[in-house]
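Chemist: Predicted model, plus sequence, below.
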Amino acid sequence: MRTTALNRSEFEHAIRYFNQQTMDSDESWMMTTNSMLNHSYLERTIRYVSSQPRPLNSLDLGDLTEEEHDDPATLIQYDQSTLPSITVNHHIVYSPSYQVPVLYFDAFFTDGTRLGLDEIYTHLVPPIYLQDLKHSPVQAQGSITQADHPLLGRPFWYIHPCDTQTLLQTILFGAQTTSFGQQHQDTFLHDYIKVWLAILGPIVHCPVSPALFSSIHYTPSTCLE
């Protein structure tokens, strides 16, 4: 019987497949192996301009003249015209506890300041997801929380994976339980990461190109809307 739980070996096969699929695209990922643990993960870095201005108290006001500091109209104009550029590091890491991939990420302004949770909601999370995320329990599926990166040992944000298995089971198999031969097992691992990432990635500016689904054997149409 096939479930959507992965052991570490299956996870590493799945991320290797996904790495190959994205290699020639504009959304390519890099496979990295922790030399001490010999565990692999995927990473990529993107840069984009936020649609929301950065609050004035987060900006360097040293560039304003004395007259501009005292002019409220200038301050408002300066605020509204400042759309920050943001760098986001996305990592796909295995969770031995939940037996699924977990999407870790870190985000920075151009001055090196790390985005806090409120800034992630403002600059990274699309409005369609905001209400659900802000009002969900800390350990609810899809909620954003912080913990040390399991392979790097420093703080990262991540999307909580508590119900990932159930979600993927519904999308990939519906209500059916399926017995897999080796051929189906390879197909399952080939498609696994892109289906999973199509569900969770858009929450934190990490979408999957629809072109990657041209050869998929499962059709999670709701993920691409």
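Modeler: Looks like it arrived, so ask away.
Chemist: mind listing the helices for this structure?
Modeler: 8-22, 66-69, 72-80, 117-123, 127-134, 164-173, 182-200 (DSSP state H).
Chemist: Among those helices, which comes closest to residue 86?
Modeler: Residue 86 lies closest, by CB to CB, to one member of these: helix 117-123, at 5.7 Å. Using the backbone N, CA and C atoms, a C-beta is placed for each residue, glycine as well.
Chemist: Hmm, residue 195 and residue 18 touching each other?
Modeler: No: contact criterion CB atoms under 8 Å: residue 18 and residue 195 do not qualify, at 10.1 Å.
Chemist: Compare those two (neighbour count), which wins?
Modeler: Each of residue 18 and residue 195 has its neighbours counted (other CB atoms under 10 Å); residue 18 has more, 25 against 21.
Chemist: give the contact list for the more buried one.
Modeler: Counting by CB atoms under 8 Å, 6 or more residues apart in numbering, residue 18 touches 29, 42, 92, 192-194, 197.
Chemist: any low-confidence regions in the chain?
Modeler: Residues of the chain meeting the criterion pLDDT under 70: 1, 56-81, 136-142, 174-185, 215-225.
Chemist: who's in contact with residue 5?
Modeler: Shown in contact with residue 5 (CB under 8 Å, 6+ apart): 99-100, 165.
Chemist: The same query, at a cut-off of 10 Å, please.
Modeler: 98-100, 164-165, 168-169 (CB atoms under 10 Å, 6 or more residues apart in numbering).
Chemist: so residue 102 bridges to which residues?
Modeler: With DSSP bridges as the criterion, the beta-bridge partners of residue 102 are residue 93.
Chemist: so how far is residue 85 from it?
Modeler: Separation of residue 102 from residue 85 (CB to CB, to the nearest Å): 27 Å.
Chemist: Pick out whichever of those two has more residues nearby.
Modeler: Shown here are residue 102 and residue 85; by other CB under 10 Å, residue 102 has more neighbours (22 against 12).
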